[in-house]
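Asks: got a sequence here, can you build the structure:
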Amino acid sequence: QVQLVESGGGLVQAGGSLRLSCAASGRTFSNYAMGWFRQAPGKEREFVAAISWSGGYTYYADSVKGRFAISRDNAKATVYLQMNNLKPEDTAVYYCAAAVGGSYDHTPRWEYEYDYWGQGTQVTVSS
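Replies: Presented below is the predicted three-dimensional model:
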């Protein structure tokens, strides 16, 4: 089992920045590709970003490309999502997720590829 706990959410004005963290415990963190998803009110959960277990490969949704950056610190068993130039449409509950297995360059982007999920952290961007 892997436990994931997100933090760093909050209220920010449009154009501002936030950094989300996701701390993992349980099995070896470095064996997992990690991802961030989000769910806005009344909408389905959507992919945001993913990083391979090697840390050398990342993938982003078009809506956040150039504004968000995913990174990981395997020594701290933590994955981060740096969010810059936030927009009101970024308002959502953000979830981190862990995917078992895969190649060193795998950046899973579909919910079914992930095995463990955190409880989520709220991000609200005011206009």
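Asks: CA only for contacts and neighbour counts going forward, please
Replies: Noted.
Asks: so what's the residue most central in space within the chain up against?
Replies: For the chain, residue 36 is the residue whose C-alpha lies nearest the centre (Cα atoms, centre = their mean; 2.2 Å). By Cα atoms under 8 Å, 6 or more residues apart in numbering, the contact set of residue 36 is 47-50, 81, 94-97.
Asks: who does the helix or strand hosting residue 59 touch, helix- and strand-wise?
Replies: Using DSSP states H and E, residue 59 maps to strand 58-60. If you count contacts as 3 or more Cα pairs under 8 Å, 6 or more residues apart in numbering; DSSP states H and E, strand 58-60 packs onto strand 46-51.
Asks: how about the contacts of residue 36 in CSV, adding pLDDT, neighbour count and distance to residue 126?
Replies: As requested, the contacts of residue 36 are exported to CSV (pLDDT from 0 to 100; neighbours: other Cα atoms under 10 Å; distance: Cα to Cα, whole Å):
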residue, pLDDT, neighbour count, distance to residue 126
47, 98, 22, 22
48, 98, 25, 20
49, 98, 26, 22
50, 98, 31, 26
81, 98, 23, 19
94, 98, 26, 16
95, 98, 26, 20
96, 98, 30, 23
97, 98, 28, 26
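Asks: in CSV: the residues you listed, plus distance to residue 1.
Replies: Converted to CSV, these look like this (distance: Cα to Cα, whole Å):
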residue, distance to residue 1
47, 23
48, 24
49, 22
50, 20
81, 23
94, 21
95, 17
96, 15
97, 13
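Asks: next structured bit after the helix or strand hosting residue 81?
Replies: Per DSSP H and E, residue 81 falls inside strand 78-83. Note on strand 78-83: by DSSP H and E, the next helix or strand toward the C-terminus is strand 92-100.
Asks: each with direction, which strands does that next one pair with?
Replies: Strand 92-100 has the following strand partners under DSSP bridges: strand 32-39 (antiparallel), strand 116-117 (antiparallel), strand 121-126 (antiparallel).
Asks: and which of the contacts of residue 36 is nearest residue 18?
Replies: Using Cα to Cα, residue 81 comes nearest to residue 18 of the contacts of residue 36, at 8.2 Å.
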